[in-house]
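1. sharing a sequence plus its predicted fold:
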Amino acid sequence: MKAQTNKKDTQPKSVFKMTNWGSEKGPMSSPGNPNSDAERWHIDDNDYLILRDTVLELASIDLLCYRTQQMERRLTTYLERSSYTDWRGYAHSLYARPEELQRFIEFMTINVSSFYRDADKWDSMVDAVLPDVLERTAPRGVQAWSIGCSIGAEPYTLAMLLKELAPERRHRIYAGDIDQSVLDRARAAGPYTANDLREMPSKFLEKYMTPQNGNQHHVCGEIRNFVTFERFDLLQNKPERLYDLVVCRNLVIYFPPAIKERVFRGLMQALRPGGILFIGSTETITNYRQYGFEYCAPSFYRRAL
């Protein structure tokens, strides 16, 4: 459910020179199997702390930052599908089975991504956001950051759009994720399946993707050169640069309110004044002004000048 805003902030005007931004999608359905019995999803505090200490030691991921009802449902479903009957036994197995630790990290990081995902938002990026960013940054290239980049679909999508709109400039996109396995795939620029490319406009598929092994594709070298990938934990690390544009989509869904506040303040500080934050279609920033943002349109916020 989306958080409520003050009445005066419910329908702020767009600061971009555009009137038709499309509509937001409904709230994301809860992961896992639905169940009306809340106790089914409860994880004992002691068990959660044991699991947290194990994952923090082995993977430097603090599960306390993710402890929400949604995440507990996901964790319980994960245990039910495994061969273990309790979290203590599962936590012990993580020390002995590195491959299971990797599976757990991949589960936790929720690597769901595709090129041009939520096409209406990327259309807005092309029609209003990037022209505004390019006007402010001229004549230099755009400096962008894609955090929670997963398999690289979003930073590569952004690279294609920048190449289309301002091919003469030297743009640079830094992309980070906590999961090393998806970063390896992103650095290799594929292979990407038909499902990964299902929303990509055909002209980009033909121009910037190289077919390989039937329906699989790799990103062409020209676009790959725009993007630098690096492991980055948004809750542990601080960005080393200031950016004109930050893409952080569907990453804070499972964070409790206090962690969300910390993340949004950090993202604001990673932007140059006037820089744009692009978030997921199912996300919203309540009381965005307290973080130093101005509302632009659904999914887009600007750091105040």
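-> Received the coordinates, thanks. Residues are numbered from 1 along each chain as shown.
2. which helices and strands does the longest strand anywhere in the chain pack with?
-> Taking DSSP state E as the criterion, the chain has its longest strand at strand 271-278. Counting contacts by 3 or more CB pairs under 8 Å, 6 or more residues apart in numbering; DSSP states H and E, strand 271-278 packs against helix 130-137, strand 243-247, strand 300-303. C-beta here means a position set from N, CA and C on the backbone, and glycine is covered the same way.
3. can you list the strands that that strand pairs with?
-> strand 243-247 (parallel), strand 300-303 (antiparallel) (DSSP bridges).
4. list the buried residues in that strand.
-> 271-272, 275-278 (16 or more other CB atoms under 10 Å).
5. and for stretch 124-135?
-> 124-125, 128-134.
6. mind listing what E222 touches?
-> 163, 208 (CB atoms under 8 Å, 6 or more residues apart in numbering).
7. and what of the one 10 residues further on?
-> The neighbourhood of F232, defined by CB under 8 Å, 6+ apart, consists of 147, 176-178.
8. in the stretch 1-150 of the chain, what spans have low per-residue confidence?
-> 1-42, 109-112 (pLDDT under 70).
9. what's next to the helix or strand harbouring L267, contact-wise?
-> Element membership for L267 (DSSP states H and E) is helix 257-269. Residues from elsewhere that reach helix 257-269 (CB under 8 Å, 6+ apart): 65-66, 147, 234-235, 238-239, 246, 248, 251-252, 255, 277, 285, 288, 291-293, 303.
10. got the angle between that helix and strand 243-247?
-> If you take axes from the mean of the first three to the mean of the last three CA atoms, to 10 degrees, helix 257-269 sits at 140 degrees to strand 243-247.
11. buried stuff in helix 257-269?
-> Buried, per 16+ other CB under 10 Å, within helix 257-269: 259-261, 263-264, 266-268.
12. now do the contacts for the residue most central in space within the chain.
-> Computing the C-alpha centroid of the chain and ranking residues by CA atoms, centre = their mean puts R249 first, at 3.5 Å. By CB under 8 Å, 6+ apart, the contact list for R249 reads 117, 148, 154, 278-281, 283, 299.
13. confirm it sits in a helix?
-> No. Counting by DSSP: H, G, I helix; E, B strand; the rest coil, R249 is not found in a helix; it is coil.
14. buried residues, stretch 198-218. List them.
-> 200, 204, 208-209, 216-218.
15. and that stretch, C-alpha only, in CSV?
-> The C-alpha trace of stretch 198-218 is given here as CSV (Å, rounded to 0.1, in the frame of the first residue of the first chain):
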residue,chain,number,x,y,z
ARG,A,198,10.7,-8.4,-23.9
GLU,A,199,10.0,-4.7,-23.3
MET,A,200,12.9,-3.3,-25.3
PRO,A,201,12.0,-1.4,-28.5
SER,A,202,12.9,-3.3,-31.6
LYS,A,203,15.1,-0.5,-32.9
PHE,A,204,17.3,-0.8,-29.8
LEU,A,205,17.4,-4.6,-30.1
GLU,A,206,18.6,-4.4,-33.7
LYS,A,207,21.0,-1.5,-33.1
TYR,A,208,22.6,-2.3,-29.7
MET,A,209,22.3,-6.0,-29.1
THR,A,210,24.3,-8.8,-30.7
PRO,A,211,22.5,-12.1,-31.3
GLN,A,212,24.1,-15.3,-29.9
ASN,A,213,22.9,-18.9,-29.6
GLY,A,214,19.4,-18.4,-31.0
ASN,A,215,17.3,-16.1,-28.8
GLN,A,216,20.2,-15.0,-26.5
HIS,A,217,21.9,-11.6,-27.0
HIS,A,218,24.8,-9.6,-25.7
